[in-house]
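Peer 1: what follows is a predicted protein model with its sequence.
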Amino acid sequence: MEKGGIELKTPFHDCEPGRYKIAVKVVDIFGTDTMKIIKEEM
């Protein structure tokens, strides 16, 4: 990762089969936060 860069991937997690809710939260440079929740079945 370069200085001042942003990490765009996460470490691998091994999950059991089933239904999950995945939350993604983003905070912009003005402090406004946005969250999106996605329901997935694995």
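Peer 2: Great, that's in hand.

Peer 1: just the element for the spatially most central residue of the chain, please.
Peer 2: Among the residues of the chain, Val24 comes closest to the average C-alpha position under C-alpha atoms, centre = their mean, at 3.9 Å. In this assignment (DSSP states H and E), Val24 forms part of strand 19-27.

Peer 1: next up, the contacts around the residue nearest to the centre of the chain.
Peer 2: Met35, Lys36, Ile37, Ile38 (C-beta atoms under 8 Å, 6 or more residues apart in numbering). Bear in mind the C-beta positions are built from the backbone N, C-alpha and C, glycine included.

Peer 1: nearest to Arg19 among the residues you listed?
Peer 2: For these, the closest approach to Arg19 (C-beta to C-beta) belongs to Ile38, at 11.5 Å.

Peer 1: could you look up the SS state of the closest one?
Peer 2: Look at Ile38: counting by DSSP: H, G, I helix; E, B strand; the rest coil, its state is strand.

Peer 1: worst-scoring helix or strand of the chain, pLDDT-wise?
Peer 2: Averaged element by element with mean pLDDT, DSSP states H and E, the chain has its least confident helix or strand at strand 19-27 (a mean of 92).
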